[in-house]
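sequence-free structure coming up:
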């Protein structure tokens, strides 16, 4: 009778051990599945966020030239579409810290393309207007970028009286992919 | 007969498996519910951001107003939030969509600094109209966006001719003129009628639910018509914050143009404008700025105009 009871106990112990191992295996399995789903989900969220950033940059670049901080308004005669006031942009550059999150993009660059210059000279208070790249934020373009053609106008003077000068430029908006 | 057992005999293995099974199933249900909620929040965040992005093409150039529409697959509430922190304040958009016939609350607000949306605290429906109009005070400050649900019709009664022309040119289906109105429409009266919204165009005042909002320019009049008082006053303050920053930019520009033969005559007026906008307590004080706005408009002429 005692021998029979002992073998019964051993069998039960083995069964409990089996169940415990099985449970452990199931838990590990579910944790792995959960991790896989999480990685997949996070990946798709990042992708969606990057697509939204891209959409924002693309739609913004087509209309940014008309926003009050950029547009020529009537400062150069009649009102013009896709016309950027270079003098205003140089003034905006000085407030770039205030505007750093304003448009929800990484950076904005205006690159003069005609008449062409051989050298790339960034505009600042010393080089303006003899320069061809205006960056709203310092540090250049980061990540991806989208662009639009615009006219870049400024005031010049001849014998002490002002006149308007417009050139062809590219407005470039850059955005970063979500890491 | 005496050996009869009156209880269910379950072995330890079975009992253990049942308990663990219940735990595993409960955990699975918990995580699935959590994921479902997260998915809803994500969808809401994505939609809010998309609405903000879709507002970008509504930046006007020559146009006096543009209209556009957004359609959602589900019944949707667009919550409009606003604050005045920082240099420009923040426009918030929160989306709530119906899930299993219940509004799924997310508490996720997507923020923009360069948008000014005027609407009720929330607008509800599947289709929404967005109408945009530039606000100039005295220079272009921003494009104001007015969001209305397609299920709410607004009827303009006795409106001035220029307002009637603008409404009919817009061709936005939920903005109607007197002859097209029905009983259920929200009536906006410009005369002496008793309506849900009353506009005193000469006193530049909009009365809505016993609350008065004051305006200058038609862009702000529409803003007062389509939004609640809290939203209107908050967005007005944000517009004043932007005027302040734009004035500083124009002052910088004026200084830089001195070398090109232009006198910075506007700078003292722009300084005055900055003081006025920063001291503005509410829309009821807007009229105090009329003099300085007229003076600035008068001075901003000729070959050296700033905007």
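Yes, it's here. Because the structure is a prediction, the values reported are computed rather than measured. Residues are numbered from 1 along each chain as shown, chains lettered A, B, ... in the order given.

does the residue in the stretch 201-307 of chain B that chain A sits nearest to sit in a helix, a strand or a coil?
Nearest residue of the stretch 201-307 of chain B to chain A (C-beta to the nearest C-beta) works out as residue B:252 at 3.5 Å. C-beta here means a position set from N, CA and C on the backbone, and glycine is covered the same way. Put simply, residue B:252 is helix when judged by DSSP: H, G, I helix; E, B strand; the rest coil.

okay, now it: neighbour count?
Residue B:252 sits with 20 neighbouring residues when counted by other C-beta atoms under 10 Å in any protein chain shown.

how many neighbours does the nearest residue to it once chain neighbours are set aside have?
Once flanking residues are discounted, residue B:252 sits nearest to residue A:91: 3.5 Å by C-beta to C-beta, 6 or more residues apart in numbering or on different chains. For residue A:91, the number of neighbouring residues by other C-beta under 10 Å comes to 23.

on that earlier part again, pretty sure the residue of the stretch 201-307 of chain B closest to chain A sits against residue A:96.
No - counting by C-beta atoms under 8 Å, residue B:252 stays clear of residue A:96, with 12.0 Å between them.

what separates the host helix or strand of residue B:22 from the chain centre, distance-wise?
If you go by DSSP states H and E, residue B:22 is part of helix B:12-54. Remark: helix B:12-54 is offset 33 Å from the chain centroid, using C-alpha atoms, centre = their mean, to the nearest Å.

just checking, what packs against the longest helix along chain A?
Counting residues, the longest helix found in chain A (DSSP state H) is helix A:2-63. Using 3 or more C-beta pairs under 8 Å, 6 or more residues apart in numbering or on different chains; DSSP states H and E, the elements in contact with helix A:2-63 are strand A:144-158, strand A:161-175, helix B:12-54.

Just want the angle from that helix to strand A:161-175.
Relative orientation of helix A:2-63 versus strand A:161-175 (axes from the mean of the first three to the mean of the last three C-alpha atoms, to 10 degrees): 160 degrees.

Following element in sequence after helix A:2-63, please.
Next helix or strand after helix A:2-63 toward the C-terminus (DSSP H and E): strand A:83-85.

Provide the contact partners of that next one at residue level.
With C-beta atoms under 8 Å, 6 or more residues apart in numbering or on different chains as the test, strand A:83-85 has contacts from A:65, A:70-73, A:75-76, A:110, A:150-154, A:166, A:169, A:171, B:253.

now do 6 Å
Residues from elsewhere that reach strand A:83-85 (C-beta atoms under 6 Å, 6 or more residues apart in numbering or on different chains): A:65, A:70, A:72, A:75, A:150, A:151, A:152, A:153.

The first one: neighbour count?
Residues within reach of residue A:65, counting by other C-beta under 10 Å, total 25.

what residues are up against it?
Residue A:65 touches A:82, A:84, A:150, A:171, counting by C-beta under 6 Å, 6+ apart.

repeat that with 7 Å
Residues in contact with residue A:65 (C-beta atoms under 7 Å, 6 or more residues apart in numbering or on different chains) are A:71, A:82, A:83, A:84, A:150, A:171.

And the last one, by the same measure?
Residue A:153 makes contact with A:72, A:76, A:83, A:85, A:86, A:164, A:165, A:166, according to C-beta under 7 Å, 6+ apart.

The second one is in contact with residue A:163, isn't it?
No - with contacts defined as C-beta atoms under 7 Å, residue A:76 does not count as touching residue A:163, sitting 9.8 Å away.

Max pairwise distance over the contacts of strand A:83-85: which two?
Distance extremes for the contacts of strand A:83-85: the farthest pair is A:75 and A:150 at 14.7 Å, using C-beta to C-beta.

hmm, back to that, turn the helices and strands packed on helix A:2-63 into JSON lines, including mean pLDDT and distance to residue B:134.
As requested, these are arranged in JSON lines below (pLDDT from 0 to 100; distance: least, C-beta to C-beta, whole Å):
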{"stretch": "strand A:144-158", "mean pLDDT": "93", "distance to residue B:134": "19"}
{"stretch": "strand A:161-175", "mean pLDDT": "93", "distance to residue B:134": "20"}
{"stretch": "helix B:12-54", "mean pLDDT": "83", "distance to residue B:134": "18"}
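
Tabulate these (CSV), appending distance to residue B:70.
Formatted as CSV, the helices and strands packed on helix A:2-63 follow (distance: least, C-beta to C-beta, whole Å):
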stretch, distance to residue B:70
strand A:144-158, 23
strand A:161-175, 23
helix B:12-54, 6
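
so which of the ones you listed gets nearest residue B:302?
Among these, strand A:161-175 comes nearest to residue B:302, with 9.4 Å by C-beta to C-beta.

List the contacts of the nearest residue to residue B:80 once chain neighbours are set aside.
Excluding the flanking residues, the one nearest residue B:80 by C-beta to C-beta, 6+ apart is residue B:119, at 4.8 Å. Taking C-beta under 7 Å, 6+ apart, we find residue B:119 in contact with B:80, B:146, B:147, B:148, B:226, B:227, B:231.

Then residue A:41?
Applying C-beta under 7 Å, 6+ apart, we find residue A:41 in contact with no residue.

Output the below-cut-off pLDDT ranges for chain A.
Regions of chain A meeting the criterion pLDDT under 70 cover residues A:1-6.

Chain A contacts on the stretch 151-300 of chain B?
Within the stretch 151-300 of chain B, the residues that sit near chain A (C-beta under 7 Å from any C-beta of the partner chain) are B:245, B:246, B:248, B:249, B:252, B:253, B:256, B:257, B:260, B:261, B:262.

Helix, strand, or coil at residue B:144?
Under three-state DSSP, residue B:144 falls in the strand class.

can you pull up the bridge partners for it?
Beta-bridge partners recorded for residue B:144 (DSSP bridges): residue B:116, residue B:133.

pLDDT weak spots in the stretch 101-250 of chain B?
In the stretch 101-250 of chain B (pLDDT under 70), no residue qualifies.

And the strands in it, which stretches?
Counting by DSSP state E, counting those that start in this stretch, one finds strands in the stretch 101-250 of chain B at the ranges B:102-104, B:110-112, B:116-118, B:122-136, B:140-149, B:154-157, B:175-177, B:186-189, B:197-200, B:205-208, B:211-214.

tell me, how many neighbours does residue B:169 end up with?
When neighbours are counted by other C-beta under 10 Å, residue B:169 registers 11.

Any idea how many residues pack against residue B:220?
Using other C-beta under 10 Å, the number of residues around residue B:220 comes to 25.

quick one, what contacts it?
By C-beta under 7 Å, 6+ apart, the residues touching residue B:220 are residue B:135.

That one and residue B:150, how far apart?
Here the criterion is C-beta to C-beta, to the nearest Å. By it, residue B:220 lies 24 Å from residue B:150.

next one: residue B:69
Distance, residue B:69 to residue B:150, using C-beta to C-beta: 7 Å.

any residues in contact with both of the two?
Common contact partners of residue B:69 and residue B:150 (C-beta under 7 Å, 6+ apart): B:127, B:128, B:129.

so what's whichever residue of chain A sits closest to chain B up against?
Proximity of chain A to chain B (C-beta to the nearest C-beta) peaks at residue A:91, 3.5 Å away. Going by C-beta under 7 Å, 6+ apart, residue A:91 touches B:249, B:252, B:253, B:256.

of these, buried ones?
Listed as buried from the contacts of residue A:91 are B:249, B:252, B:253, B:256; burial here means 16 or more other C-beta atoms under 10 Å in any protein chain shown.
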